[in-house]
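**Q** Take this sequence and fold it.
(chains A and B)
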Amino acid sequence: MSSSEERLAAPVRNGSFGWALLASELAVLFRRRRTIAMLLALALIPILIAVAVRLSSSEVSAGQGPPFLDRITQNGLFVGITALVVAIPLFLPLTIGVAAGDTIAGEAGLGTLRYLLVAPAGRVRLLLVKFAGAAAFCLAATLTVAITGAVIGAILFPIGPVTLLSGDTISVVDSIGRSVLIALYVTVSLLGLSAIGLFISTLTSVPVGAMAATIVVAVTSQILDVLPQLEWLHPWLFSHYWLGFADILRQPILWDSFSDNALLQGGYMVVFGALAYGRFATKDILS
Amino acid sequence: MSDADWPGTAGADTAVADTGLAIETVGLTKRFGRQTVVNEVDLRVPRGAVYGFLGPNGSGKTTTIRMLLGLAGATSGRVRVLGEDMPSRLQQVLPRVGALVEGPAFYPFLSGAANLHRLDTADRFAFGRTRRTRVAEALDRVGLSHAATKKVHAYSLGMKQRLGLANALLMPRDLLVLDEPTNGLDPQGTREVRNLVRSLAAGGATVFVSSHLLAEIEQVCTHAAVMSAGSLVASGTLDELRRVGQAFVRLQTPDVDIARGVLLRLGLAPTAAGDPGHPLADDAGPADTYTVSAPLVDRRVTAEGIVASLVAANVRVRGFVVEEASLEDRFVALTGEGFDVVQ
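**A** Residues are numbered from 1 along each chain as shown, chains lettered A, B, ... in the order given. Reported below is the predicted structural model:
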């Protein structure tokens, strides 16, 4: 017993937060076959777009198809951006719904939640780690689309200076920087949904239910966002700024939409983080 | 239950100013809606004890354990573990507690070693540098070294159970809470678990082990408590529990009537007069030998006293035995027999 007394003499030895749990969470998340399959499916989007445009003989004219599609043949760098635009309404929320809905409910479903808590992981710490894991998945998902798009675009199409929406032209290096900024914008856009998913995940021990509910919330928000009768509600919907990254393609960059979006997502994170805490901190773990 | 029930509690940890109890609950109650699952349970588990927590399935054992570990909140009542209030001191208490709760649970897509590694990172007191060694040692201790790199979905129930025990042993612990640790194990595995419990207790740890099978833990326990329908119906040292049960004297003799008279005079109540007793079917002795039995109500009457009186009255004593009630009988008497789960 002396060893355990020594152990208790030093209150916290390896960092006050215990980063090992976060590292373990990320390792478990990204080594999981399901996560890899979702990222591969996302990577297919830019590949399909690029191959389809390359193989089709007819010239795509401006205004046809998703935004930026007509620019792909002139500049391969637009493949990633086009793919993000295509993925934002459904594919990204779908995968984020799976990752965020699984956070707590997945552990509860396996029964590992009780073992994490008696370890003790600490309920607040576990929520923070789980949210960080979901956020890391958002980043991985958007970067997968953006990077695969850039690579396949560079392979199939010419690459050169990019003409921005404002008419200015920026260099290839600069345009890669803009692509990264857009990926970050989209990542931030998805954090609100991740927080909602985390909250829903604390309500159940059936992970599939939490995933489905999160995806339904994402779709519902987008439907409400196109109903003109609900215009007063639109600025409050977490999906309202999802496609609002066009300002990043201006010279100089307009940061308004970026900051509006970040503020809104931050609000959702605070509200649903608090709800998740309120629910999880005192919940009876009976699974 | 008064303190007098606990003579000489193992006060191993005198430096800590507490009651010397590893687990103490007062009026612990849990209700789900209108159903009372755990009702006013007062548990007192002395330090250093191997404490059997018995009861049929559905008697509230696991819910009690969930409350001890802070997984579920009590509706009312108080819990102290290792001298600290739970759940308010949970972060300080639980690193010293190893637990197996309601069966093992693991990530099926990870290997056994990776699972232990994962759960170990959850404990902020667990040293990252020694993690690999501790995982290997814990696996070795439960005999799973050969399957360390195998994915858990390929494990048998018995292997998962062992892995669950390994998880409880990742760190040196002052208290182990093992819920049905022998579930799914073969007789060999059950014996290994018993040996493990013994060695943990020998190392100074308190072991709180629940089971619905008395026989599985009777041999290792120093104390036991019996749950039935959410209430604690008995608790104490094994000897105390046995003593509460009814002992019987069994006498083999041809002189049934005289023997009855002697037993009656001593204040015992032998089998009803006129009953010729039961000839012993498998008796190798003379055919005229009968068995007379009587419950030993008054503990002051000793076996040798009875035999002396019988011999003095010229009863031909061909066999005499005092049968203590088995703990099994006591357990069945307290909890009922059969498959009916008491609601």
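**Q** from the middle of its chain, how far away would stretch A:123-141 be?
**A** 11 Å (CA atoms, centre = their mean, to the nearest Å).
**Q** For it, what does the pLDDT average out to?
**A** In this model, stretch A:123-141 carries a mean pLDDT of 95.
**Q** least trustworthy helix or strand in the chain by mean pLDDT?
**A** I'll assume chain A. helix A:2-9 (a mean of 43; mean pLDDT, DSSP states H and E).
**Q** Can you look at chain B instead?
**A** Across helices and strands of chain B (mean pLDDT, DSSP H and E), lowest is strand B:278-279: a mean of 51.
**Q** quick one, domains of chain B?
**A** Per automatic domain parsing, the structural domains of chain B span B:3-243, B:246-323.
**Q** Next up, the contacts around the residue of the stretch 51-200 of chain A at minimum distance from chain B.
**A** Chain B sits closest to residue A:111 of the stretch 51-200 of chain A, with a gap of 2.7 Å, by CB to the nearest CB. The way it works is simple: take the backbone N, C-alpha and C, and place the C-beta from them, glycine included. Counting by CB atoms under 8 Å, 6 or more residues apart in numbering or on different chains, residue A:111 touches A:287, B:102-105.
**Q** what's the farthest-apart pair in the residues you listed?
**A** Spatially, the most separated pair among those is A:287 and B:104, at 13.7 Å (CB to CB).
**Q** Mind checking which of these two has more residues around it?
**A** residue B:104 (26 against 18; other CB atoms under 10 Å in any protein chain shown).
**Q** The more buried one reaches residue B:156, doesn't it?
**A** No. Taking contacts as CB atoms under 8 Å, residue B:104 lies outside contact range of residue B:156: 11.3 Å.
**Q** which residue ends up closest to the midpoint of chain A in space?
**A** The centroid of chain A falls nearest to residue A:138 when counting by CA atoms, centre = their mean (2.4 Å).
**Q** The residue nearest to residue B:318 when sequence neighbours are not counted bridge partners, please.
**A** Take residue B:318 and drop its neighbours on the chain: the residue closest to it by CB to CB, 6 or more residues apart in numbering or on different chains is residue B:252, 4.6 Å away. Residue B:252 has these beta-bridge partners by DSSP bridges: residue B:291, residue B:319.
**Q** just residue B:45 next, same as before
**A** Under the criterion used (DSSP bridges), residue B:45 bridges to residue B:23.
**Q** That one: how many residues sit nearby?
**A** Other residues close to residue B:45 by other CB under 10 Å number 26.
**Q** what's the answer for residue B:195, then?
**A** There are 11 residues near residue B:195, going by other CB under 10 Å.
**Q** if I look at it, how far off is residue B:173?
**A** 17 Å (CB to CB, to the nearest Å).
**Q** what does residue A:91 give?
**A** In terms of CB to CB, residue A:91 sits 47 Å off from residue B:173.
**Q** Likewise for residue B:30?
**A** 25 Å.
**Q** swap in residue A:242?
**A** For residue A:242 relative to residue B:173 (CB to CB), the value is 50 Å.
**Q** who has more neighbours, the two?
**A** residue A:242 (25 against 21).
**Q** Remind me which helix or strand that one belongs to.
**A** Per DSSP states H and E: residue A:242 is located in neither a helix nor a strand.
**Q** Now do the same contact list for it.
**A** A:88-89, A:186, A:189, A:222.
**Q** Kindly report the same for residue B:49.
**A** B:10, B:22, B:201, B:206-207, B:222-223.
**Q** so what pLDDT did it get?
**A** So, for residue B:49, pLDDT stands at 92.
**Q** what's the answer for the one 10 residues further on, then?
**A** In this model, residue B:59 is scored at 88, pLDDT.
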